[in-house]
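**Q** sharing a sequence plus its predicted fold:
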Amino acid sequence: MPESIFKARKAFPALEFRARHTFAHFADASVMSPSNLSLASSSLSPAPPMQDSRLPIELCERVIDFCADEYYLRHRYSTLRACALTCTAWVLRSRWALLCDLRFRTELQVERFVDIIQDHRDWADYVRVLHITPAQVHGHGYLAFGNLLHQLRESNVRALTLRLRQLDWRIFPPRYHTVLECFGKDTVRVLDISNMVFASATDLVNLVLSLSGLRELHCMLVKFIRVCPPVQCERVIAQATRKRQKTPSNIHSVSLSSIDDFPPLLEVLGTGVVSLFLYYPEASWPWENICKCVSLYSNLQYITLSLWMGSADTKVFLDDAYKYNSFAEPARRFLDVLRHLSSYRMQTVVLRMAPCLIPLPEEGLLSFTYLSSRLQAIDSLFGDVKELFDTYEPLAGLRTLNLCVLENSLYHDAEWWCQVLRKRLPNIPQVIQVDIEYYSPYVSRGRYDYTELWLPEQGLEAPSVPYTSITRTPRKSKSALW
């Protein structure tokens, strides 16, 4: 008996569980056939309303949803199939939990499910998320998920989330994006790309532009085999501009992270972007290009900028740390982005600072450190920002400034950071929020050390409250508003 069913039966003994066997896993190719998947509809009579249940409807739905949250997919599919056989009132909810989030790892699974949708058109209404994640990373065959999108579109499925993982786009035909343009343009609303390989940035741009109904774009861990030269970038941007004149872009949220060669992507997304998330841009990203693209978003309201302190020399850290302003470059980038904001609707600016990782003299130990004191970091990041807030009109109505940092001192909590920031920025923004991720310097974490996360302030006395007199749970996330 699946573990989730066992827990539910133990918690609710009044239920009559008629599922006595563990059925074949949905993820197996042998199960991906109409005869196996349709057992809930063929062997059972039409489901009566769940109102006839002796238990509250909400309670029954929570039991089924709890089974759907199973981490291991094989257990999840077999448990939900068992739920479908528990009673006729549970069929529809179990089928929805089974089909709303689908994951495919082989070509055969995609082909089998296409056949299923053709025989059971009403089942397509349950599909909300498609995961295409090959079992062999970047070594898979041709997964024709375009046919699957076609079947879902024929069934009038809308607001679909498409997640592409571990794919090598070079396996697909050169103009495969035209297939998606025909079949997925009105279906896919969210495109989530991660750990993918493209021949060049042009392929990624064509993929994004082929989905005209796209609302959200998330790209992470994307690798390009060939670098896109400036001439080709201009050609792609011009082509995208002509296309947008016919079909305006509807993308309002963009998230980019860990892309090894910055593509001409931000310039081809139109001007309707409302939320922009840039996570740890690599050194290969031309920062001037990023600022130029930010200036094109006239409707921007929310921007998140995650900056990494980068690598540092151990000698600098040990001998000359106070003379080395590690926040100079992140501060320059942060200020450049703020100066290029052109939207008069700005509401929130989020700055996330990640420390650098350097080796320590002790063999095998690595230290997380900002290579700076706290006050020096605040002065570097926000020293010139105050004048910009007071004089730059697009930032005059800024509501929230959110700063996210790591801490190893319970004395310097989120409230301390908010107080210091408010002294630096007395008028704008309206709200200052600081999110703290706490790492105790006295808790061992293998090779990683957080003792020197922040350097002590020069010329200032140590906090009056010693670390040893404070007992709190290590690694606590805290937040404060001011």
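**A** On my side now, so go ahead.
**Q** check contacts around residue 118.
**A** residue 151 (C-beta atoms under 8 Å, 6 or more residues apart in numbering). C-beta coordinates here come from the backbone N, C-alpha and C atoms, glycine included.
**Q** hmm, residue 340 is touching residue 292, no?
**A** Yes - with contact defined as C-beta atoms under 8 Å, residue 340 counts as touching residue 292 (7.1 Å).
**Q** neighbour count for these two, which is higher?
**A** Each of residue 340 and residue 292 has its neighbours counted (other C-beta atoms under 10 Å); residue 340 has more, 17 against 13.
**Q** next up, phi/psi of that one, please.
**A** phi -100, psi 0 (degrees, to the nearest 10).
**Q** spit out the contact partners of it.
**A** 291, 292, 294, 295.
**Q** my guess is residue 162 contacts residue 183. True?
**A** No - counting by C-beta under 8 Å, residue 162 does not reach residue 183; the two are 11.4 Å apart.
**Q** list the residues that contact both of those two?
**A** residue 149.
**Q** mind checking the SS state of the most centrally placed residue in the chain?
**A** Among the residues of the chain, residue 218 comes closest to the average C-alpha position under C-alpha atoms, centre = their mean, at 6.6 Å. Counting by DSSP: H, G, I helix; E, B strand; the rest coil, the backbone at residue 218 sits in strand.
**Q** how much space separates it from residue 333?
**A** 22 Å (C-beta to C-beta, to the nearest Å).
**Q** now residue 59
**A** 52 Å.
**Q** rounded mean pLDDT for the longest helix belonging to the chain, please.
**A** Using DSSP state H to define each element, the chain has its longest helix at helix 230-246. The pLDDT scores in helix 230-246 average 73.
**Q** what's the following helix or strand after it?
**A** strand 253-259 (DSSP states H and E).
**Q** residues of that following strand that come out buried?
**A** 253, 254, 255, 256, 257, 259 (16 or more other C-beta atoms under 10 Å).
**Q** swap in stretch 273-282?
**A** 273, 274, 275, 276, 277, 278, 279, 280, 281.
**Q** and these as CSV, adding distance to residue 347?
**A** Listed next are the buried residues of stretch 273-282 as CSV, based on distance: C-beta to C-beta, whole Å:
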residue, distance to residue 347
273, 14
274, 10
275, 10
276, 12
277, 14
278, 17
279, 20
280, 23
281, 22
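**Q** lowest-confidence entry in those?
**A** residue 281 (73).
**Q** the closest residue to it other than its chain neighbours: neighbouring residues, count only.
**A** Residue nearest to residue 281 in three dimensions, not counting chain neighbours: residue 290, with 6.8 Å by C-beta to C-beta, 6 or more residues apart in numbering. Neighbour count of residue 290, defined by other C-beta under 10 Å: 21.
**Q** so after the helix or strand harbouring residue 290, what's the next helix or strand?
**A** In the assignment (DSSP H and E), residue 290 maps to helix 287-296. Using DSSP H and E, the helix or strand that follows helix 287-296 towards the C-terminus is strand 302-308.
**Q** which outside residues touch the longest helix of the chain?
**A** 200, 201, 202, 205, 209, 228, 263, 264, 267, 268, 270.
**Q** look up how far residue 328 lies from the nearest residue to the last one once chain neighbours are set aside.
**A** So the one you mean is residue 270. Of all residues not flanking residue 270 in the chain, residue 249 sits nearest, at 3.1 Å (C-beta to C-beta, 6+ apart). Counting by C-beta to C-beta, the separation of residue 249 from residue 328 is 36 Å.
**Q** and these two? which has more neighbours close in?
**A** residue 249 (19 against 11).
**Q** from memory that one sits against residue 272, does it?
**A** Yes - shown here, residue 249 and residue 272 form a contact pair, counting by C-beta under 8 Å, at 6.1 Å.
**Q** sorry, back to before: going through the contacts of residue 340, which ones are buried?
**A** 291, 294, 295.
**Q** how about TSV for these, with distance to residue 346 and pLDDT added?
**A** Shown next, in TSV, are the buried ones among the contacts of residue 340 (distance: C-beta to C-beta, whole Å; pLDDT from 0 to 100):
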residue	distance to residue 346	pLDDT
291	15	85
294	11	86
295	13	88
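**Q** for residue 379, state which of these is nearest.
**A** residue 291 (22.9 Å; C-beta to C-beta).
**Q** quick one, what contacts the closest one?
**A** 336, 337, 339, 340.
**Q** can I get the buried residues of strand 253-259 in CSV with distance to residue 167 and pLDDT?
**A** Output for the buried residues of strand 253-259, formatted as CSV (distance: C-beta to C-beta, whole Å; pLDDT from 0 to 100):
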residue, distance to residue 167, pLDDT
253, 22, 93
254, 20, 91
255, 18, 91
256, 18, 86
257, 17, 83
259, 15, 73
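**Q** for those residues, which one is nearest residue 188?
**A** residue 253 (13.9 Å).
**Q** on that earlier part again, can you list the buried residues in the longest helix of the chain?
**A** For helix 230-246, by 16+ other C-beta under 10 Å, it's 233, 236, 240, 243, 244.
**Q** could you single out the nearest of those residues to residue 384?
**A** residue 233 (31.1 Å).
**Q** confirm that residue 440 sits in a strand.
**A** No - Residue 440 sits outside any strand when classified using three-state DSSP, being coil.
**Q** for it, give its distance to residue 56.
**A** Taken as C-beta to C-beta, the span from residue 440 to residue 56 is 44 Å.
**Q** the two: which is more packed in?
**A** residue 440 (20 against 11).
**Q** would you mind measuring from that one to residue 330?
**A** 25 Å.
**Q** give me the mean pLDDT for the longest strand anywhere in the chain.
**A** Secondary structure of the chain per DSSP state E: the longest strand is strand 188-198. For strand 188-198, the mean per-residue pLDDT is 91.
**Q** please save the CA atoms from it in CSV.
**A** Extracted C-alpha coordinates of strand 188-198, given in CSV (Å, rounded to 0.1, in the frame of the first residue of the first chain):
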residue,chain,number,x,y,z
VAL,A,188,1.8,28.5,-23.5
ARG,A,189,1.7,31.4,-21.0
VAL,A,190,4.8,30.6,-18.9
LEU,A,191,8.1,29.3,-20.4
ASP,A,192,10.7,28.0,-17.9
ILE,A,193,14.1,27.0,-19.3
SER,A,194,16.8,25.4,-17.3
ASN,A,195,20.1,23.6,-18.0
MET,A,196,19.7,23.8,-21.8
VAL,A,197,22.2,24.0,-24.6
PHE,A,198,21.6,26.1,-27.7
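**Q** shaky segments in the chain?
**A** 1-53, 70-74, 184-185, 244-248, 260-265, 282-285, 310-324, 458-482 (pLDDT under 70).
**Q** tell me the contacts of residue 300?
**A** So residue 300 contacts 273, 274, 275, 276, 294, 341, 342, 343, 345, 346 (C-beta under 8 Å, 6+ apart).
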